[in-house]
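**Student:** Pasted the sequence and its predicted model underneath.
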Amino acid sequence: MSQVSTSSEVPSPVCLTTRLTPSGRGAVAVICVEGENAVARVAQYFVSATRKPLASFPVNRVVFGRWAQSDGHGEELVVCRTSETSVEVNCHGGAAAARAIMKSLVADGAVEQVSSRWVNRRTSDSIQAEAWLALTEARTERTAAILLDQYRGALRKAIRDAIVQLQNGDSTKARCELATLLQRGDIGMHLTRPWRVAFAGPPNVGKSSLMNRLLGYERSIVFDQPGTTRDLLSAPTAFDGWSMELTDTAGLRDSEDTIEVEGVSRATKFLAEADLTVLVFDTTTGWDERQEQLAERHPNALLVANKCDLHGVRESAKPFLATSALTGEGVRELMQQIVERLVRSEMMPGDAVPFTSRQIHAIAAACQAVDDGELSVAIEELQTLIADLLTSTHETPIE
Ligand SMILES: Nc1nc2c(ncn2[C@@H]2O[C@H](COP(=O)(O)OP(=O)(O)OP(=O)(O)O)[C@@H](O)[C@H]2O)c(=O)[nH]1
Ligand SMILES: [Mg+2]
C-alpha cells in the first residue's frame, strides 16, 4: 500500500529493462536497465558487498553484491552503472535467474522491452541492427566473425556500391556483384541457424556409431542388433567453425514392429527436410538391388561405406567414402566432405554476406529488376534495403 502511494507521489519516468543476452544456456546473462530512475530502481534490490549505495559508485565501476528479492530469495551478481541513466545487471546465465530479476523490476514499474527495440535505439542502420541481433545467435567464432563484418558495414557497402553502379548505368557489374551476394545467402542464413545433417541408411551399418564419433561423445545408443535407433536423435556441433546439427535416424527397412515403422516414417520425413543426408552402408555386406534403390532415392546424399576396418569390398560404381567408426579412419574426410557439400561459396574475411530473408529477398528482387531492364526499380529495392531505421521503426530516445 505504502509503495503504491509513494509511486503516485513521485511520478516515475519510463524505466526500460531489456535482456541483452539470448535465451538458452550461457555462463552469464546481461540485463540492461535504462531511464531517469534506472539506478534507483536497481538500488531497491541490489545490495553491494560493501553496503555502499549503488549511486555512490562511479560510472563504469563493476560492483559485486546481492540481488535481494522481497520473498527473501536472491543471488550474488555484479552490477555496473554504464551511464547516469543506465545500469547493466550481470547475473547467472540461464532463464530462471534473469527472469527473476526482470520480474522484480517489472513488478516495481519498469517496462520490459524486447532486445530488437533496444538495438533500434542505438543504431539507425538497418543492416547493423540486424547484425547486432544475429550476433547473439551465432554459435561459433567463425560465424560471429562474419556477422561482425556485416555489423561493421561490409554488406551495406556492397549494396551502396551496387546502387552507384546502377545509377552510373553499369548494370552488368552491379548484376554480377548482386549475384555473388545471393550465392552467399545460404551461408548467411546458416550463420545463426545450423546446417541440418541426417545420418541414414540400412539398419546396423554403424550410423549411430559414426555420428557419435563425429560428435566425440556417445549421443546415440550403439548395439549389435539391427533396429536399435528408433526416434530422431539430434545434437549440435561445429565442423571447421560452421555450425551443424547432426541427426541420427532409424535404419531404413520394412518392419512388422509398430514402433520401428514409426521410426522409419519419421526418418524418411526428416531426410526430405535435412540440408544433407549422409547415407551409410556396411562395407562388408554385398551391394544388392535394395541398396542400389536406396542410393537412387537420395541422389544428393553423401555415400559412406562404413566398417572399412573389416576390409570388405564395396562393389558399386558409386563414389563411396570409406570410414570406420571403430578406428576413426575416414572420419576427418567425412567431416571435410560434409563441409564442402554445404558451404558452397568461398569466403574471405571482410566479405559481404546477406544473412536475413529480408536482405536476400531484396537482393533477389533487385537482380530480377535488372534482368527486366527496370534499373530504377532495382535501385529502389536496394535503397529500401539499407534505408535508415529512423524512417520506419526507429524510436525516439528515452525521455
Ligand atoms: N568393426 C566395426 N564395427 C562397427 C563400426 N561401426 C559400427 N560398428 C558396429 O556395428 C554395430 C551396429 O552399430 P550401430 O552404430 O548401432 O548401427 P546403426 O546403423 O545405428 O544401427 P540401427 O540403429 O539399428 O539402424 C555395433 O555392434 C557397432 O559396434 C565400424 O566402423 N567397424
Ligand atoms: Mg542406430
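**Tutor:** Looks like it arrived, so ask away. Ligands and ions are numbered 1, 2, ... in the order given.

**Student:** Break this protein down into its domains, please.
**Tutor:** The chain resolves into domains spanning 2-113, 126-184+348-391, 195-342 when parsed by automatic domain parsing.

**Student:** For the shortest one, what is the distance to the chain centroid?
**Tutor:** Distance of domain 126-184+348-391 from the chain centroid (C-alpha atoms, centre = their mean, to the nearest Å) equals 20 Å.

**Student:** Also the last one?
**Tutor:** For domain 195-342, the gap between its own C-alpha mean and the chain's C-alpha mean amounts to 25 Å (C-alpha atoms, centre = their mean).

**Student:** Below-threshold pLDDT in this protein: ranges please.
**Tutor:** Along the chain, the model assigns pLDDT under 70 to residues 1-13, 312-317, 390-399.

**Student:** got the end-to-end distance for stretch 251-267?
**Tutor:** 8 Å (C-alpha to C-alpha, to the nearest Å).

**Student:** Can you pull out the residues in contact with that stretch?
**Tutor:** Contacts to stretch 251-267, defined as C-beta atoms under 8 Å, 6 or more residues apart in numbering, come from residues 198, 200-205, 207, 226-232, 249-250, 268, 294. For the C-beta atoms, the positions are set from N, CA and C on the backbone; glycine is no exception.

**Student:** Up against ligand 2, what does this protein have?
**Tutor:** When proximity is defined by C-beta under 5 Å from the ion, the chain lies next to ligand 2 at 208, 228-229.

**Student:** ok so, going back, among the contacts of stretch 251-267, which ones are in strands?
**Tutor:** Among these, the members falling in strands (DSSP state E) are 198, 200.

**Student:** If any of the contacts of stretch 251-267 are buried, put those into a ChimeraX selection.
**Tutor:** For the buried members of those, the matching ChimeraX selection, counting by 16 or more other C-beta atoms under 10 Å, is:
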select :198,200,201,202,203,204,205,207,227,228,229,230,249,250,294
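
**Student:** The contacts of stretch 251-267: which ones sit near ligand 1?
**Tutor:** For ligand 1, the contacts drawn from the contacts of stretch 251-267 by C-beta under 6 Å from any ligand atom are 203-205, 207, 226-229.

**Student:** Dump the domains of the chain to CSV, plus distance to residue 119.
**Tutor:** Conversion of the domains of the chain to CSV gives the following (distance: least, C-beta to C-beta, whole Å):
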stretch, distance to residue 119
domain 2-113, 9
domain 126-184+348-391, 5
domain 195-342, 22
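
**Student:** rewinding a little: quickly name whichever of the ones next to ligand 1 among the contacts of stretch 251-267 is closest to residue 278.
**Tutor:** Ranked by distance to residue 278 (C-beta to C-beta), these are led by residue 207 at 8.2 Å.

**Student:** and that closest one, what does it touch?
**Tutor:** 199-201, 229, 248-249, 251, 280.

**Student:** swap the cut-off to 10 Å and go again
**Tutor:** Neighbour list for residue 207: 198-201, 220, 222, 228-229, 248-252, 267, 278-281, 304, 306, 325 [criterion: C-beta atoms under 10 Å, 6 or more residues apart in numbering].

**Student:** for stretch 208-224, which positions count as buried?
**Tutor:** By neighbour count with 16+ other C-beta under 10 Å, stretch 208-224 contains the buried residues 208-215, 219-220, 222.

**Student:** Figure out the length between the terminal residues of it.
**Tutor:** For stretch 208-224, the first-to-last residue distance is 11 Å (C-alpha to C-alpha).

**Student:** touching ligand 1 at all, it?
**Tutor:** Yes: applying C-beta under 6 Å from any ligand atom, one finds that stretch 208-224 is in contact with ligand 1 at 208-209, 222-224.

**Student:** thinking again about what came up before, just the ones of the buried residues of stretch 208-224 in helices?
**Tutor:** Among the buried residues of stretch 208-224, the residues falling in helices (DSSP state H) are 208-215.

**Student:** And the residue of the stretch 251-399 of the chain that's closest to ligand 1?
**Tutor:** residue 251 (2.7 Å; C-beta to the nearest ligand atom).

**Student:** oh sorry, the question was meant for the stretch 101-250 of the chain
**Tutor:** Counting by C-beta to the nearest ligand atom, the stretch 101-250 of the chain gets nearest ligand 1 through residue 206, at 2.8 Å.

**Student:** Ramachandran angles for that residue?
**Tutor:** Backbone torsions of residue 206, given as degrees, to the nearest 10, read phi 110, psi 30.
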